[in-house]
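Trainee: here are the coordinates; sequence isn't available:
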């Protein structure tokens with residue numbers, strides 16, 4: 001067992017994956033929610049949302065274009081609704097990441113949305129307090145959408161919403177990957193039957209992977225600068241591009257060939273070590289105080305009580321890179337008080353994915369416990 005040089009940061013192809021044929025036409029055969037699902041594999045979650053909105057607007061041309069989103073959301077979830085002419089309103093999420101039911105129904109009464117966008121967070125079933133209202137919401141002619149990006153590998157039930165959207169790039173070494181899923185609605189693919197994958201994103205990811213692998217071997221900072229430049233370039237392409245692309249063949253090959261049992265087990269084992277060892281201190285506390293058997297975690301999430309920037313920099317100094325969820329948008333900050341947004345100012349996500357072994361997790365634990 002060898003400790004990783006760096007922990008966190010972008011996924012990359014390993015040397016064997018770099019030998020795959022990017023032009024070998026491959027159909028993704030994953031079942032994501034249910035054997036009866038209808039699914040359209042896209043290059044991104046953003047593309048999946050756009051196809052969903054195409055379906056809804058085509059069937060309901062006079063729809064009231066108002067959507068309710070959780071105020072813990074990222075730009076890739078928000079932008080497709082803006083691009084399709086929707087007015088966006090937000091509902092509160094509590095500090096345990098479950099929905100504030102009272103606030104949600106207040107927003108429904110005020111704004112009469114046609115779509116409510118729900119999200120379960122970090123692999124946990126944070127929607128368990130809202131699903132009993134789905135039938136009522138449907139009778140009010142509201143489309144129910146669940147974003148399962150954080151929870152698609154967890155085993156709790158995911159068959160009650162009208163649509164599910166998913167981005168898979170956060171989970172393993174693929175350059176692209178999203179999906180639109182439904183068990184109740186047909187997905188009209190007629191406008192998207194001839195779309196191709198985004199070649200530039202794939203080419204950049206391959207070059208990025210070559211440079212990251214070389215950096216890990218040589219510790220050449222020029223290689224790191226190059227691979228980080230390519231990571232940022234791909235993010236910019238995804239952010240600016242409004243076209244819809246299909247899932248690339250190389251991502252489909254990796255998704256079909258991945259050892260999902262290993263991925264699930266590794267994440268659970270790593271999370272369990274962090275969960276057992278990182279108890280609340282004067283510096284931080286874990287967001288979740290339980291770890292159910294049906295959860296496959298995305299990250300181990302903590303709240304920093306004092307100076308998050310200082311805490312994060314202390315981890316970076318030990319080559320441990322921890323992302324922050326989520327950006328705070330002006331339209332949200334203007335609606336809710338700073339006190340109600342404290343969660344977003346404190347949250348930090350600790351890597352626990354399948355790239356890391358026991359030595360890596362012990363290093364994370366030791367580093368965090370030694371931060372003053």
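Mentor: Right, received. Where do you want to start? This is a predicted model, so every value here is computed, not measured.
Trainee: show me the contacts for the spatially closest residue to residue 221 that is not a sequence neighbour.
Mentor: Among residues not flanking residue 221 along the chain, residue 215 sits closest, at 7.8 Å (CB to CB, 6 or more residues apart in numbering). All C-beta atoms are positioned from the backbone trio N, CA, C, and that covers glycine. By CB atoms under 8 Å, 6 or more residues apart in numbering, the contact set of residue 215 is 221, 223, 224, 227.
Trainee: for those, which ChimeraX command selects only the ones that are buried?
Mentor: Buried subset of the contacts of residue 215, written as a ChimeraX selection, criterion 16 or more other CB atoms under 10 Å:
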select :223,224,227
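Trainee: and the contacts of residue 215 as a markdown table, adding pLDDT and distance to residue 356?
Mentor: Formatted as a markdown table, those follow (pLDDT from 0 to 100; distance: CB to CB, whole Å):
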| residue | pLDDT | distance to residue 356 |
| --- | --- | --- |
| 221 | 95 | 23 |
| 223 | 95 | 21 |
| 224 | 95 | 19 |
| 227 | 96 | 19 |
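Trainee: which ones among the contacts of residue 215 lie within helices?
Mentor: The members of the contacts of residue 215 that map onto helices under DSSP state H are 221, 223, 224, 227.
Trainee: show me which of the residues you listed is closest to residue 178.
Mentor: Taking CB to CB as the measure, residue 178 sits nearest to residue 227 out of the ones in helices among the contacts of residue 215, at 22.9 Å.
Trainee: wait, doesn't the closest one sit right on residue 9?
Mentor: No: if you go by CB atoms under 8 Å, residue 227 and residue 9 don't touch, sitting 9.2 Å apart.
Trainee: any idea how far residue 69 lies from residue 91?
Mentor: 8 Å (CB to CB, to the nearest Å).
Trainee: wait, I meant residue 327
Mentor: Residue 327 sits 18 Å away from residue 91, taking CB to CB as the criterion.
Trainee: neighbour count: the two, which is higher?
Mentor: More neighbours surround residue 91 than the other of residue 327 and residue 91, with 23 against 11 (other CB atoms under 10 Å).
Trainee: and the more buried one, bridged to which residues?
Mentor: Using DSSP bridges, the bridge partners assigned to residue 91 are residue 70.
Trainee: next one: it from residue 229, what distance?
Mentor: Noted for residue 91: a distance of 38 Å to residue 229, by CB to CB.
Trainee: please enumerate the helices of the chain.
Mentor: With helices called from DSSP H, the chain shows them at 45-59, 75-83, 101-111, 134-139, 199-218, 221-240, 249-257, 260-277, 308-316, 330-333, 342-346, 358-369.
Trainee: centroid residue for the chain?
Mentor: For the chain, the residue sitting closest to the mean C-alpha position, by CA atoms, centre = their mean, is residue 149 at 4.3 Å.
Trainee: tell me the contacts of that one?
Mentor: 45, 119, 165, 166, 167, 168, 170.
Trainee: take these and keep only those in strands.
Mentor: 119, 165, 166, 167 (DSSP state E).
Trainee: as CSV, the residues you listed with neighbour count would be great.
Mentor: Output for these, formatted as CSV (neighbours: other CB atoms under 10 Å):
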residue, neighbour count
119, 23
165, 28
166, 26
167, 27
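Trainee: low-confidence ranges, the stretch 201-350 of the chain, go.
Mentor: Along the stretch 201-350 of the chain, the parts satisfying pLDDT under 70 run over 329-340.
Trainee: let's see 80
Mentor: Within the stretch 201-350 of the chain, the segments meeting pLDDT under 80 span 326-341.
Trainee: if we can go back for a sec, ok, the ones in strands among the contacts of residue 149 vs residue 34, which is closest?
Mentor: For those, the closest approach to residue 34 (CB to CB) belongs to residue 166, at 13.4 Å.
Trainee: let's see the pLDDT reported for residue 185.
Mentor: At residue 185, the model reports a pLDDT of 87.
Trainee: so the chain: which segments form each domain?
Mentor: What automatic domain parsing lists as the domains of the chain is 38-192, 199-240, 260-369.
Trainee: can you list those domains in JSON lines and add distance to residue 23?
Mentor: Shown next, in JSON lines, are the domains of the chain (distance: least, CB to CB, whole Å):
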{"stretch": "domain 38-192", "distance to residue 23": "14"}
{"stretch": "domain 199-240", "distance to residue 23": "10"}
{"stretch": "domain 260-369", "distance to residue 23": "25"}
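Trainee: out of those, nearest to residue 247?
Mentor: Closest of the domains of the chain to residue 247 is domain 38-192, at 3.9 Å (criterion: CB to CB).
Trainee: what's the first-to-last distance across that closest one?
Mentor: 15 Å (CA to CA, to the nearest Å).
Trainee: stretch 298-318 now?
Mentor: End-to-end distance for stretch 298-318, by CA to CA: 21 Å.
Trainee: now that stretch: buried residues?
Mentor: For stretch 298-318, burial by neighbour count (16+ other CB under 10 Å) applies to 298-304, 308, 311-312, 314-315, 318.
Trainee: what's the farthest-apart pair in those residues?
Mentor: Checking the buried residues of stretch 298-318 with CB to CB, the most distant pair is 298 and 314, at 22.6 Å.
Trainee: what's the closest non-adjacent residue to residue 180?
Mentor: Distance criterion CB to CB, 6+ apart; nearest residue to residue 180, sequence neighbours excluded, is residue 48 at 4.0 Å.
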